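J.: Give me a model of this one.
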Amino acid sequence: MWAAQAKLLQRKYRLIIPDLRGAGKTEDSAKPFSIETIAEDIAALLEALDMESAAVAGFSMGGFILANMLVRHPLKVRAAAFISTLGTGADDPERQEARLKNMRFVMEEGSEAFAVSFVPRLFSPAFINSHPDEVAHTQRIIGGQRPRSLALMLDAMRQRPDLSLHLKDFVVPSVVVIGNEDPIVPVAAMRALHEGMPKSVFEIIDGAGHMTTVEAPEKVASVLDQLMQRVGV
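T.: Purely as a prediction, here's the structure:
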């Protein structure tokens, strides 16, 4: 999901883009895990790399991981970028039920079938029509995940805590980025996230859906670059 930003920023910064627990090349998880657990994974990774802190960006689910890091390990987060994510809120009962439905679908039909039904919702209609290869690539990435791991990620999202009351304590330089055609995360919710943090900058990307890192790669890279310049990374 960060390939374009990595290509644009790798010569200027040291970039660490880990596969999250259960995803990519990590081991298949044998038991359920939480968003808090993944935040601890990232903190442990920074420790293993002998890094006291880093500018951390979280896209979609990653925004909730970032919020948990800010609560649990605030000194490890030098700057925070919330990209296309509610960041702190918990699922309401309706969304929890929808995630349970998706979990059952993944386990019964497989990751590929889930990707076919889910991925088109992530992009703006115009991008789907003009960039079919990028949409297909995203579909392959999600469809290539192990069904059990994908279901466990959905469950971690379903059970995540509401960290909204901690927003005022997120005092590091931050940026909040949202596409104005995002069908999953309302612009108003992202604006509330921005307004709750004392050192936040708000960026709306016109014409982008949920997949801002893919639909507007240069813009997202520029926003991240500006954030890192703010903190002198």
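J.: So which residues of the chain form helices?
T.: Ranges of helices in the chain, per DSSP state H, are 3-9, 35-48, 61-72, 93-109, 111-118, 125-130, 132-143, 147-158, 187-196, 212-215, 217-230.
J.: Nearest to residue 17, out of these?
T.: Ranking the helices of the chain by proximity to residue 17 (Cβ to Cβ) places helix 3-9 first, at 6.1 Å. In short, each C-beta sits where N, CA and C put it, glycine included.
J.: From the chain's centroid, how far away is the closest one?
T.: In this view, helix 3-9 has its centroid 16 Å away from the chain centroid, taken as Cα atoms, centre = their mean, to the nearest Å.
J.: going forward, begin numbering at 3 instead of 1
T.: From this message on, residue numbering opens at 3, which makes the last subject helix 5-11.
J.: Give me the mean pLDDT for it.
T.: Helix 5-11 carries an average pLDDT of 95.
J.: Same question for stretch 14-26.
T.: Across stretch 14-26, pLDDT averages out at 90.
J.: Quick one: distance of that stretch to the chain centre.
T.: Relative to the chain's own centre, stretch 14-26 is displaced by 12 Å; criterion: Cα atoms, centre = their mean.
J.: can you check stretch 13-31 too?
T.: Chain-centre distance of stretch 13-31: 13 Å, with Cα atoms, centre = their mean.
J.: again with stretch 228-235
T.: 20 Å.
J.: how about that stretch: buried residues?
T.: Within stretch 228-235, the residues that qualify as buried are 229-230, 232, 235, counting by 16 or more other Cβ atoms under 10 Å.
J.: Alpha carbons of stretch 167-182, as PDB, please.
T.: Presented in PDB, the C-alpha positions along stretch 167-182 are these (Å, rounded to 0.1, in the frame of the first residue of the first chain):
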ATOM      1  CA  LEU A 167     -10.600  10.700  24.800                       C
ATOM      2  CA  HIS A 168      -6.900  10.500  24.300                       C
ATOM      3  CA  LEU A 169      -6.900  12.800  21.300                       C
ATOM      4  CA  LYS A 170      -5.900  15.900  23.300                       C
ATOM      5  CA  ASP A 171      -2.900  14.000  24.500                       C
ATOM      6  CA  PHE A 172      -1.600  13.400  21.000                       C
ATOM      7  CA  VAL A 173       0.700  16.400  21.100                       C
ATOM      8  CA  VAL A 174       3.300  15.400  18.400                       C
ATOM      9  CA  PRO A 175       3.200  17.200  15.000                       C
ATOM     10  CA  SER A 176       0.500  15.400  13.000                       C
ATOM     11  CA  VAL A 177      -1.200  15.300   9.700                       C
ATOM     12  CA  VAL A 178      -4.700  14.000   8.800                       C
ATOM     13  CA  VAL A 179      -5.300  13.000   5.100                       C
ATOM     14  CA  ILE A 180      -8.600  12.000   3.600                       C
ATOM     15  CA  GLY A 181     -10.000  11.700   0.100                       C
ATOM     16  CA  ASN A 182     -13.200  13.700  -0.400                       C
END
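J.: Which entry within the buried residues of stretch 228-235 corresponds to the minimum pLDDT?
T.: In terms of pLDDT, the weakest of the buried residues of stretch 228-235 is residue 235, which scores 79.
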